[in-house]
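1. what's the 3D shape of this:
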Amino acid sequence: MSFLRVFAWTLVSLVGVFAWLGKPIDGVFLAALLTVIGYSVNDSVVLFDRIRELLAGKDRKASFARLTNRAILQTLPRTVNTGMGAVLILASLAVLADDSLTDFALALLIGVGVGTYSSVFTASPLAIEMYDRGAGARPARRKGRGTEKPVPASRAERQEVS
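-> Numbering: from 1, shown residues only. Reported below is the predicted structural model:
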């Protein structure tokens, strides 16, 4: 659920900045928008996967907020390195390319910034808030509820009864 809010935030931010700058919303912008969505999804999945690994790890007694903070600290170098690599390439593309590619590079630059920010600083606090409200504390559903077959008694249990 927190991912969907981050997803919406990223889309609204990118469309809003482009509308504010008076840039055209065309096929090139749509391609950039889809690329930004993929980038944001990837960042969020990496972070949430690390949280999941830490939840299943040996430090289960730590609070969800502490585990989320540890996951952010562990994935932040990867996020920053990936973002900076993309920013360097996109900045050179924005400066050296023609108008159509400049708009594409500008949309990606804005999207990389917003996507990185939202996956780290928006998705994680929302996940913590949702976990604290009880979304993460629900017991797991059992498969085949109500269709359990009686387990036959073992030979030793049958001998004890008689």
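2. low pLDDT regions in the protein?
-> Applying pLDDT under 70 to the chain flags the ranges 1-2, 135-162.
3. grab the longest helix from it for me.
-> When the chain is parsed with DSSP state H, its longest helix is helix 64-96.
4. what packs against it?
-> For helix 64-96, the elements it packs on are helix 27-56, helix 99-121, helix 123-132, judged by 3 or more CB pairs under 8 Å, 6 or more residues apart in numbering; DSSP states H and E. Backbone N, C-alpha and C define where each C-beta goes, glycine included.
5. quick one: the shortest one to chain centroid distance?
-> What separates the centre of helix 123-132 from the centre of its chain is 12 Å, taken as CA atoms, centre = their mean, to the nearest Å.
6. what angle do that helix and helix 27-56 make?
-> Orientation check (axes from the mean of the first three to the mean of the last three CA atoms, to 10 degrees): helix 123-132 against helix 27-56 gives 50 degrees.
7. excluding chain neighbours, what is closest to the residue nearest the centre of the chain?
-> For the chain, the residue sitting closest to the mean C-alpha position, by CA atoms, centre = their mean, is S44 at 1.9 Å. Excluding the flanking residues, the one nearest S44 by CB to CB, 6 or more residues apart in numbering is S119, at 4.5 Å.
8. any idea how far the residue nearest to the centre of the chain lies from I37?
-> 11 Å (CB to CB, to the nearest Å).
9. then A31?
-> Using CB to CB, A31 is found at 11 Å from I37.
10. if we can go back for a sec, what's the most buried one of the helices and strands packed on helix 64-96?
-> Of all these, helix 99-121 has the most neighbours on average by mean count of other CB atoms under 10 Å, namely a mean of 20.
11. what's A62 sitting at in phi/psi?
-> Main-chain dihedrals, A62, degrees, to the nearest 10: phi -70, psi 150.
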